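>>> Test case, fold it:
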Amino acid sequence: MQQEARRLLQTGKTIAFVPTMGYFHEGHLALMREGRKHGDALIVSIFVNPIQFSHSEDFKTYPGNLDRDVSLAESVGVDLIFAPDTGAMYDNAFQTYIDLEMLPGYLCGTSRPGHFRGVATVVTKLFNIIKPHAAVFGEKDYQQLVVIRRMVRDLNLDIKIIAIPTVRESDGLAMSSRNTYLSEDERRSSLSLFQALKKGQGSAAQGIKDAKQLIREASELIRAYPYTKIDYVAVCDPETLEDVDLVDRPALMALAVWVGKTRLIDNMILKPIED
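Numbers count the residues shown, from 1 in each chain. Next up, the predicted model:
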C-alpha cells in the first residue's frame, strides 16, 4: 500500500481516503462519493481495529463481508481498497500509541476507556500508510471527528479533514453496521434516539435553554420505549465537548443508548432562537 501511494504521488495524483471497518451501508457509500470529489485516486481502508475495542465489546463478532464490500465500493468509483490483517498493523512488540489529553474524557470516552487512543493510533497509522491529501469522516461519530481534527492540527498533519452529515434510514435511525444486531422489536425502540434528538432540537428552537431540562425531556422519551438503557445524554460545546448549562449558542446534543445488547450513538446540533 505504501509503494502504491508513493507511485500515485510521484505521478502527480492526489489521494482521497475513507477509513472504515467495513460491512458497508449507504452511510459508507456517501463518504466515498464525497471522497471521489477530493482526489484523483480514492482509497478506502477496511480494518476492524482491535485496539479500540475493550474485552467486553464486539470485536470478534463485528459484521463483515469483504466480497460484498468490494462490489459496493466499485459501484461508487473507489480505486483501491486497503484491507490489512491485524498482524500487518500491529506486530507482537507494538508499543506506540496516540493519546489526546482532553477530548476523550467526554461522552463515549467515559464509558469506553482507551477507545479513542485506539482510534487516534490506527488513523495515524493509516494516514502514514496511505498518504492522503484529504480524508472523509461522518458526523454520526461526532466525537471521533472532533478527535481526528484535533489530532491533525496538533501533529501538523498536512491532511484536509472533510465531514459529511449523518446518513439516516427513512424513519430517522442513523445508519450503522451495528443496526444489523437489532431484532424487529429492538429496531422499533431504536427510533427513540432520533426522536429524542428531534425533541431537543424543537425545544431549543422554541426557546428552552436549560440544558438539564433538554436532557431530562430526551431521557424520558427514550425510557418510554422497551429494551432501552441510557449510557449518556449530554448537551455540550461542539468543539471542546465540555458540558454546557445554557443553550444560548449552537450546542451538540449527543447520546448513547443500549437497545437490547446493541449500543447505538447519535447526535444533533441544537440551535436556540435568536433573542
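
>>> Do a quick rundown of the helices in the protein.
If DSSP state H is used as the criterion, the helices of the chain fall at 2-10, 26-36, 66-75, 86-89, 108-111, 115-130, 142-154, 184-189, 191-205, 211-223.

>>> CSV for those, including mean pLDDT, mean neighbour count and distance to residue 100?
Quick note: C-beta positions are derived from backbone N, CA and C, even for glycine. Compiled in CSV, these are given as follows (pLDDT from 0 to 100; neighbours: other CB atoms under 10 Å; distance: least, CB to CB, whole Å):
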stretch, mean pLDDT, mean neighbour count, distance to residue 100
helix 2-10, 98, 13, 26
helix 26-36, 98, 20, 23
helix 66-75, 98, 14, 29
helix 86-89, 97, 12, 20
helix 108-111, 96, 17, 9
helix 115-130, 98, 21, 6
helix 142-154, 98, 20, 6
helix 184-189, 98, 16, 33
helix 191-205, 98, 20, 26
helix 211-223, 98, 17, 24
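
>>> Residue 240 is nearest to which of those?
Proximity to residue 240, assessed across the helices of the chain by CB to CB, is greatest for helix 142-154 (8.4 Å).

>>> The closest one vs helix 115-130, what angle?
With axes from the mean of the first three to the mean of the last three CA atoms, to 10 degrees as the criterion, the two stretches helix 142-154 and helix 115-130 enclose an angle of 50 degrees.

>>> what comes into contact with helix 142-154?
The contact list for helix 142-154, computed with CB atoms under 8 Å, 6 or more residues apart in numbering, reads 98, 100, 103-104, 106-109, 116, 119-120, 123-124, 135, 137-139, 157, 159, 161, 163, 238-239, 241, 252, 254, 267.

>>> for residue 155, what are its contacts?
Counting by CB under 8 Å, 6+ apart, the residues that residue 155 touches are residue 124.

>>> 10 Å instead, please
98, 120, 124, 127 (CB atoms under 10 Å, 6 or more residues apart in numbering).

>>> May I see the PyMOL selection of the buried members of the contacts of helix 142-154?
To isolate in PyMOL the members of the contacts of helix 142-154 that are buried, counting by 16 or more other CB atoms under 10 Å, one can use:
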select buried, resi 98+100+103+104+106+107+108+109+116+119+120+123+124+135+137+138+139+157+159+161+163+238+241+252+254+267
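
>>> so of the contacts of helix 142-154, which ones are in strands?
With strands identified by DSSP state E, the entries of the contacts of helix 142-154 that belong to them are 135, 137-138, 161, 163, 252, 254, 267.
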